[in-house]
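J.: Based on what follows, work out the 3D shape:
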Amino acid sequence: QVQLVESGGGWVQPGGSLRLSCAASGFTVPYHGIGWFRQAPGKEREGIACISSSDDSTYYLDSVKGRFTISRDAINNTVYLRMNNLQYEDTAAYYCTARDYYCSAAGGMAVDKYPYWGQGTQVTVST
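T.: Numbering: from 1, shown residues only. Purely as a prediction, here's the structure:
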């Protein structure tokens with residue numbers, strides 16, 4: 001079974017940076033899409049970035065473009081989310097997610113298109 005284990009969350013001041021990691025295992029298909037959702041208190045979960053292992057194509061939510069970078073280490077089956085210039089509104093629980101073959105992001109990443117989830121890691125941006 002697919003397992004996703006996140007790490008790297010924490011507290012950071014506005015303008016600071018963090019890097020989240022997602023170690024993936026258990027895929028039974030040769031390609032997959034791995035991405036990140038986040039959920040702030042009282043808000044819906046939103047998909048912010050995804051990378052497809054077949055061609056390293058990426059998707060970003062508009063609000064994180066230019067600040068967040070998703071990348072992967074194919075040898076260690078780990079996906080990273082580098083987050084720069086973090087703002088108060090980036091405070092949320094961040095969840096690693098995955099689906100078979102490729103990212104699904106037409107019209108945005110939909111929660112129901114991603115069957116595999118990690119346990120989440122908290123990111124808090126404050127002074």
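J.: Neighbours of residue 54, how many?
T.: If you count neighbours by other CB atoms under 10 Å, residue 54 ends up with 12. The way it works is simple: take the backbone N, C-alpha and C, and place the C-beta from them, glycine included.
J.: same question, residue 77
T.: Applying other CB under 10 Å, we find 16 residues neighbouring residue 77.
J.: gap between it and residue 90?
T.: Distance, residue 77 to residue 90, using CB to CB, to the nearest Å: 26 Å.
J.: give me every residue that touches the closest residue to residue 82 other than its chain neighbours.
T.: Leaving aside its chain neighbours, residue 82 sits nearest to residue 69 (4.5 Å; criterion: CB to CB, 6 or more residues apart in numbering). Going by CB atoms under 8 Å, 6 or more residues apart in numbering, residue 69 touches 81, 82, 84.
J.: Give the single residue among the residues you listed positioned nearest to residue 28.
T.: For the contacts of residue 69, the minimum distance to residue 28 (CB to CB) is 24.4 Å, reached by residue 81.
J.: Which of the helices or strands spans that closest one?
T.: Per DSSP states H and E, residue 81 falls inside strand 78-83.
J.: quick one: contacts of that strand?
T.: Outside strand 78-83, the residues within contact range by CB under 8 Å, 6+ apart are 17-24, 34-36, 49, 51, 64, 67-73, 90, 94, 96, 123.
J.: Centre of the chain to that strand, how far?
T.: With CA atoms, centre = their mean, to the nearest Å as the basis, strand 78-83 stands 7 Å off its chain's centre.
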